[in-house]
Structure formats: structure tokens, C-alpha cells
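Mind looking at a prediction? Sequence and model below.
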Amino acid sequence: MTTGYVGRLTSHEPVIDEARAALMAIFSFRSFRTRLLVFLLALMIPVLLGIYVFVNRENNQYTTDTINSYLELGADVFDFTREEHKNTLLTITSTMTRDWGFRNAFGTGDPYTIIDAADNILLRSLGGADMMLIASMDGEVIIDTKIQGFESLEGEWRELMDSAANDLNGIGDAIINVAGVPYQITVIPLFLPTPVAWIFGGFPLDKRFTDTVKQSIVSDVSIVEFVQDKGQEQTPADVNVIASTLSADDQVRLTAQLQRSGVTFSGTQRINLADGEYGTLMRPLYGEPGDSLQTVAVIQKSYNENFENLEAFQRVLLQFYLVVIGISLVVVVVLARSVTRPILDLAKRVKRIEEGDYGQSVEVSGRDEISQLAGSVNKMASGLAEKEKVRDLLGKVVSHEIAEELLSKTIELGGEEKVVSVLFADIKGFTTLCESAAPEAVLTLLNRYLSAITKVIEDNHGVLDKYTGDSVMALFGAPLTRENDAQNAVQAALDIQQCMVQLNKIHREEGLGLMEAGIGVHTGLVVAGNLGSQNRLNYTVIGDSVNLSARLEGLTRIYNTANIVSAACVQAAPEFIYRELDLVQVAGKSEPVRIYQVVGTRATITNQQQRELTAFADALASYRAQRWEEAIAKFEQLQLSLPESVRDDSLYSVYLERMTYLPNRNLSPDWDGVFAFNRK
Amino acid sequence: MGFARLLSIRPPLTLALALLMALHVQSLNAAQLRIALQDADTGEAVVDAVVEVHIPVAMQNGFSAPQEFSVDQVDKEFVANVTVVNVGSRVLFPNSDDILHHVYSFSPAKVFELPLYGNGRSVDFSQIFEQAGVVELGCNIHDWMLGYVYVAATTLAVKTDENGQATIDGVPEGSYTVSVWHPRAAEDSAGLQHSVEFSDAQPSTLRSALSLTRDNRLRRAPNVSRTRYR
């Protein structure tokens, strides 16, 4: 990802591709281990997160449910406690009505006696009853321990009396405000033995009561009254806490909250107090909705302690996650190492194989995919080593290029026609050389010579076709065709000559015989391909051109030249300096061939050589014109320019010798100058 | 249903009428009051109502001889439930139950108590009722036990039977006030005071309907009968 895709919004496709590429770039990590780690974390973290969220949600739900059921239970217990207190109250008052002493006291009809008797009962109730009011059957107050000041029962008192009168047992109960405090009031009749009076008993729903309830429900309890003037329903009611187990601060908070929310008996509210959120449930005590005074019980339970448990659980869960992730990371690292180590070993090994080192096979242990791969790499290495061995051997037996050609293609019989420059080289007088030397020395000599020549040929991109004794056959243009095949062939001829000079220098030092090479080069059409049987093949070229090259090499002995190059070759490689040697008709060929000797390049030719070439051309012209005397003179002149040791075995001596008998033959005036060789 | 449950026995009305006819035909020569009371609301016979003929004090001589009555306590109930006595009479409160009773009254006509006693003969469980009026009897042990002693000025008082009927014989000729009382009779009920003309020639008749209030009697405790455990 080298270019950003900013500003390349011409179409969507590139953008998407770019984005994909960017994504790929993000997720294509250098090492397998990192990839594995990221993959694991990408897999594990959402799962762990999901579990965490789920557990958290369930726990929250559980906490809410727990608190709600606590509150429901608390409210029920509150009601139950109130009911129990009520029953206690009834028991107290009921027992009192059956008390003979009280009956006697009541029988006296003296209010002071009766009120003393009542106070005595209250004292003995151990807090079960707090107030007592006795009224006649038609509601005239006889005594009232709270001295509320009315002489005849009124309002809720009278309602309670009426409801008791309608009850099967003459029993009634209600919550009635007594001097600003809601009282649980009960009433039963006094039988003497007919009902003669109503006995009202009561206890306050005050701090003592809320404390008692709190002991059993472990929730906070408050008695709260809502005061609202008639016709002022729009404004929030005044909220007063009558009794509460809450602290004074929390009572203020509760008051403020209830002023906003009002009275509701359905469901749990959440109210914030000093130490966090409280689940809040209300129970009706006194008054109806819409009444100017409504008193309710408020049961409250803090979410905190449950949330504390929850937080502890979350901590444990997170610690567990850390351990799991830690273990997973270690496992991944170990796993990644167990995978990457053999792979790295394998990679090193493959790298070595690429560099050609087939040894040192990788250890194979186990049966997993990597072990299988290692085994395959080992097999591949040994296979490659074997192949390389074959290729090496092939390269030694045949030329490198041919070896490549053979290896790269399916080997099949048959060939193709192509223009190839064929070079033959051998050692003149090799047989003579062999006679005078020990066989081992000859072999050493020959190997040195062949090695040198082979190197020259290959340096000039030639392909060695075969050795035949001291003779070498080389191809330029097969199996691979190059643009300057002929040029390479001629250059190779010149280089071989140069190489012979070097070799002779060494031989002279070692006291060995001197060698002279004869080289023939021809460029022409040949058939190149694999020759032989199905089982044994030989890449070579065949055709007239090959034969001609061999003939030309043979002619070097006759013309006493180092090399002979055909006219076709001269035409194909005109960069060199040649001199025309003759026009010959070789055995088996009807067409005469103009033959040349390559002398050198324009750069290397000396002026003296140039003069000699000109003189030779002049002499050759005289010869072809049958001006024998003139020609003989010119050739003798040329021969004289040569060192004395080679005068008798020179090109000029060939012509001089030829001209000893040609003038005696009756040559036609238009003689073409072709010299025919009938033997091969 | 409520505290005010009516205790009532429904008598066949036809039978009552037939009886009245028979009495009418059987003509007697003494002044007689024939009474028939029914519930103003239901028309049912009013049982245990007390009817008293009030004759002037000067005439009471022949009708005020003290007598002896008995209000028994059987199966934790006063038997009879309503007892009519004349002033000066002695009433015995024997206890026929196996357990003790504590009979009391806080009624202004007679306040008394008979502290826990059984059925031993050595116990004096008699009271003399000197003052006319209704005395409510209670038992301090059994709150549902409720009985009445109606203390009349003379012997010219009677309580109605299960048919709501009663008869007072031997009333001197003349015109007198006749009062009707019943534990559940409303204070303002009609038919509580009558002026009746008595003649030897033929019986006088008092047929009246009463408005009854609900019965404020305490119900018995369900486990009241413990006899089977003895």
C-alpha cells in the first residue's frame, strides 16, 4: 500500500479495492505468530466481552429482582407486623373487657375510676397498646387517655364504630391520625353482658414501630404523610416524614424525591440517598388518593450491598479473563514457535537448495503437515541433487548448451534445418607427434590442447559437437542461433591460432614437440537435432556444409595455411581481413568453392602483412591469366620474403609447384582457375 | 347476616287465627287480656316479650304476694332466657352445669353478683328483687350467657309463648295502661304502650306489631362444650 486513496473517488470500485487493500495491509502481519495472536484475540475478546456483558446484565437484573422481592417481602412483613400488633391490641382490649375488676370499675359508672383502670391496662400491655378510648354504644366518649377533646365520636372514629357495629364480631380496625401521628386503632364492644360500650385501643406507627419492622426485614422503613389542601391538586403535596429508620439527611432526600414523584403503590422506585440508590416501595396506611392527608409506609432497600457483591464478582471475572488470555498467549506463542521453527528451518534449507547446496537434510519428526512438507523437501533436494549430477555429467559429455537444450525439451529424434557455422580443428602432423612421444605424454598433450581449444570455442559461444581423436568439431548457431554466429566462428579460428602460440610456448619450455592447428570454417544450411536410436542419442548436425568444413580443414595441409574459410562464411562475417586462396572443387561437390584465409582484423593487421596480401592477390591474378612466367616470378618474390625454414612448405610453394606442370597442359584460354581435388 | 341476627320461630299464622277464634267463642266472665305480638318487619311471632298491665298502686294489694322463681343455668345458658317476676320475689339461680358460673348484673333495678359457684346445695344462690325493672343477667366466665329477669310491679305480667301469644287473667274491670317489653324492641317502637279497656263481659284483645333491633348478643365460643372430655 504505497499510495493513499484520498482524492480518488472517481468510482466506487477503486475505493473499495483500496479499502480492501488497506484492510489486508492491516491484517497481513509479518510473522505467523502475530497473525495467530491477533486471530486468537479477535476471536476471544468478543466472546469474553459478550460473556461479561451478559453476566453483568443478568446480575443487574438479578440484583433488581432481589431488591424488588426484598421490598415486596419487606412490605408484606410490614403489613404482617402491623396485623400482629393489631391482633395484640385486640387481645389486650378484649381481655380487658372480660376482666372482672374492669367490669366492676365500669359498672361503677365513674369516669375517673374507668380511666385509671384503662391506664392500668395500658401500663400492663408492655407497649402493646398506647392509647385507649371508651365510648358508649351510641358514640358518647366516656374516657379518652389521649384527651383529644371531643365528647362525641366524630369522623373516622365514628366510621370505625359503625363498621364494627356491622361486623359479625363487633370488631373493627383503622389507621387514625391521633395528634399528628398515625395510630393503628382497633375497637371491640364491652359486654356487660349486653354490649354497653366501645373499647378503642391504639398504638402509634412511630419510630419504635419502624425500628421493630426494620429488625425483621433488614430494610429501611419510613412513615410518610402527604398533605394537600383541597382544590390545590396541581401543586405538589407537602411531604412529612413522621417516623423513619433513615438518617435525618436521608429523610430530607426522601422528602424531596417524594415531593416530585408523589404517591404510587405500583412498582419499585429508585431513590438516591446518601450512600447510593435505594429501591423504594410504598404501602398505603391512611387516606385515599385525593384526600387532603394520605399516609403511606415507605420500604427501602439499598442496591449497594448487592452491587458490592456484583463488583467483587466482576473483579474475579476480569482476573479470570486476564489469566485465560495470558495462558492463551503463552500457548499461542509456543504453538506458533512449534510451527514457525520447522518452517524457518525448512525455509533456510530451501534457500540453501536454491543456492545449490543439496546436503544436510532436514530432520523429520512427527507426522503433521510440516513434517510431511519437510519430508517432501528432503525428497525434492535429493531429486534435485540427482538431477544436478546428471546435468553436470551431461555438461561434461556434451556441450553445456546442448545439455541445456536436451534438458529443457522433450528429447525426441529428428531435427530442424538451420544455418550454422561449422568449425573443424585438428593438429597437423599429430600422428608424427605421437610416434616420437610416450603415450601418457601424448594424452597429457592432447588433453591440454583439447581443453584449451574447448575453452576458446565456448568463450566464443560455440558449441562443442564432438572430439574425434585430435580433431574437434564445433557449432556456431546450433542449438541456439545467435546474430553473429559466423563472426564468432571466425573469431574462434583466430583465437585457436593465438592459443596454439601460447601452448607452443609452454611446450617449448617443457621440451615437447611443437603443434600446429589446422582450422576449417564454413557457414551453411545443416540439419540439427538428435541423432541415434531411441535409447542412445547424440545431438549433432549433418549435411554438406559439415562435410565441406571438414574438407576445408583438410585443405589447410595442402595450402600450408593455419585456416581455410569458405566464401559463404566470409560473406557472413565480413568484418575480418581475408585473403582469397583459391577456387577449388572438392571431392563429391560439383560446384567450385572459393576459399579464403582469415588473416586478422582491421585492427591487428600490419602494413607488411597488407603489402604481402596485395602482392599475393597480384600474383594470383597473373596465375589465373596463365601468364606463367610473370606469375612464377611474383610467387618466387613472395616466397623470398618468408623465413627460410618455411619457404618450402608455404602457400607460395604450392603455387610454384603447381606451375611446374600446368603450363604443359593445354588449358583453354578461358580457364576458370579451378583446382580440383579428387580425393577426400 | 350481622350482629343483628333475629332469633325467631315462624308460627303458622292460620293456627294463631284459629286459636283466637276459639277463645273468642268460649266466653268467660272474668276480665281477660288476650295478647298476640308480631314482628312489624317480618310478621313473625314475637317470642319472650313481656306484657304487663299497670293497675294503680291502691289496687295492687291482691296482686303483689312475693313468690319464688328459678333461673337455671343449663349448658351454659340461662333457662329460661326471660323470667317474669313480681316485686319482692325471690329468684334462685341454680347451676345445673358441671362447671362454675359467676352470675352478675349491673342493671340499675338490681346490681348483684354471685361469685363462682357450682351446683352444691350449701350455696345461697338466691336474690330478692325489690325494684321493678329489667335486670340483665350475665356470667363473668361465659360472656355469651345472657338472661333477663323482668321485675313487674304486680303479678299481672306475662311473657309471650313461641306463637307470640299470652293471656292475662283476673284483671279488674277498668281502663289501664298495658306495656310491652322485649330485649330487642326498639326504644321508639310503636306498640310498647297501650291503653286497654277491661270488662268482665268479654276478654280484651291486644294485637300489636313491634319493631325489633338487631340481636347484640355475643355468640357462643365454638369449643364451649367440653363435656365430652370428662
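Arrived safely.

could you list every residue that touches residue 125?
Using chain A. A:I92 (C-beta atoms under 8 Å, 6 or more residues apart in numbering or on different chains). Where C-beta positions appear, they are placed from N, C-alpha and C, glycine not excepted.

right idea, wrong chain: chain B
Counted by C-beta under 8 Å, 6+ apart, B:F125 has contacts B:L92, B:F93, B:P94, B:N95, B:V103, B:L114, B:Y117.

Just give me the closest of the residues you listed to B:A58.
B:L92 (31.4 Å; C-beta to C-beta).

What is the burial count for the closest residue to chain B within the stretch 101-250 of chain A?
In the stretch 101-250 of chain A, the residue that lies nearest chain B is A:P193 (2.7 Å; C-beta to the nearest C-beta). A:P193: 24 surrounding residues under other C-beta atoms under 10 Å in any protein chain shown.

doesn't B:L146 make contact with it?
Yes. With contact defined as C-beta atoms under 8 Å, A:P193 counts as touching B:L146 (4.9 Å).

hmm, back to that, as CSV, the contacts of B:F125 with secondary structure and neighbour count would be great.
CSV is the format used below for the contacts of B:F125 (DSSP: H, G, I helix; E, B strand; the rest coil; neighbours: other C-beta atoms under 10 Å in any protein chain shown):
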residue, secondary structure, neighbour count
B:L92, strand, 13
B:F93, coil, 24
B:P94, coil, 18
B:N95, strand, 21
B:V103, strand, 25
B:L114, strand, 20
B:Y117, strand, 17
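
for these, which one is nearest chain A?
For the contacts of B:F125, the nearest to chain A is B:V103 (9.8 Å; C-beta to the nearest C-beta).

quick one, what contacts that closest one?
Contacts of B:V103 by C-beta under 8 Å, 6+ apart are B:Q73, B:F93, B:E113, B:L114, B:F125, B:L137, B:G138, B:C139.

tally of neighbours for the closest residue to A:E159 other than its chain neighbours?
Sequence neighbours aside, A:A174 is the residue nearest to A:E159 in space, at 7.3 Å (criterion: C-beta to C-beta, 6 or more residues apart in numbering or on different chains). The tally of other residues near A:A174 (other C-beta under 10 Å) stands at 20.

In three-state terms, label A:A174 for me.
strand (DSSP: H, G, I helix; E, B strand; the rest coil).

biggest separation within the contacts of B:F125, which pair?
Largest pairwise distance in the contacts of B:F125, by C-beta to C-beta, is 12.0 Å, between B:L92 and B:Y117.

Can you pull the domain assignment for the chain?
If you meant another chain, say so; for now it's chain A. A:65-303, A:356-395, A:411-600, A:606-680 (automatic domain parsing).

sorry, should have said chain B
B:28-64+B:156-214, B:65-152.

Which of the ones you listed sits closest to A:Q487?
domain B:28-64+B:156-214 (150.0 Å).

same question for that closest one, mean pLDDT?
Averaging pLDDT along domain B:28-64+B:156-214 yields 89.

what's the host helix or strand of A:L445 in contact with?
Element membership for A:L445 (DSSP states H and E) is helix A:439-459. Helix A:439-459 is contacted by residues A:399-400, A:423, A:425, A:427, A:433-434, A:437, A:463-464, A:467, A:470, A:472, A:474, A:492, A:495-496, A:499, A:502-503, A:507, A:512, A:515, A:517 when judged by C-beta under 8 Å, 6+ apart.

filter those to the buried ones?
Neighbour-count burial (16 or more other C-beta atoms under 10 Å in any protein chain shown) applied to the contacts of helix A:439-459 gives A:399, A:423, A:425, A:427, A:433-434, A:463-464, A:470, A:472, A:474, A:492, A:495-496, A:499, A:503, A:507, A:512, A:515, A:517.

For chain A, what's its nearest residue on chain B.
For chain B, C-beta to the nearest C-beta, closest residue to chain A: B:G138, 2.7 Å.

returning to that earlier point: quick check: strands, which of the contacts of helix A:439-459 are part of them?
A:L423, A:A425, A:I427, A:V463, A:L464, A:Y467, A:V472, A:A474, A:A517 (DSSP state E).

can you tell me which two in those residues are farthest apart?
So, the ones in strands among the contacts of helix A:439-459 by C-beta to C-beta: farthest apart are A:I427 and A:V463, at 21.0 Å.

Next one, pLDDT for A:I411 please.
57.

Could you measure from the residue nearest to A:E159 over to B:V87?
Using C-beta to C-beta, to the nearest Å, we find A:A174 at a distance of 46 Å from B:V87.

same thing with A:A312?
89 Å.

cool, A:L344 as well?
Applying C-beta to C-beta to A:L344 and B:V87 gives a distance of 134 Å.

So between the two, which is more surrounded?
B:V87 (19 against 12).

so what's the more buried one scoring on pLDDT?
Looking at B:V87, its pLDDT is 94.

who does the helix or strand harbouring A:V330 touch, helix- and strand-wise?
Here A:V330 sits within helix A:304-354, counting by DSSP H and E. Packed against helix A:304-354 by the contact rule (3 or more C-beta pairs under 8 Å, 6 or more residues apart in numbering or on different chains; DSSP states H and E) you find helix A:32-97, strand A:276-286, helix A:369-397.

Please name the bridge partners of the residue most central in space within chain B.
When C-alpha atoms, centre = their mean is applied to chain B, the residue found nearest the centroid is B:V82 (3.9 Å). B:V82 has these beta-bridge partners by DSSP bridges: B:Y148.

ok, now which ones touch it?
Per C-beta under 8 Å, 6+ apart, neighbours of B:V82: B:D48, B:V50, B:G147, B:Y148, B:Y150, B:K159, B:P183.

Excluding chain neighbours, what is closest to the third one?
Leaving aside its sequence neighbours, B:G147 sits nearest to B:F78 (C-beta to C-beta, 6+ apart; 2.8 Å).
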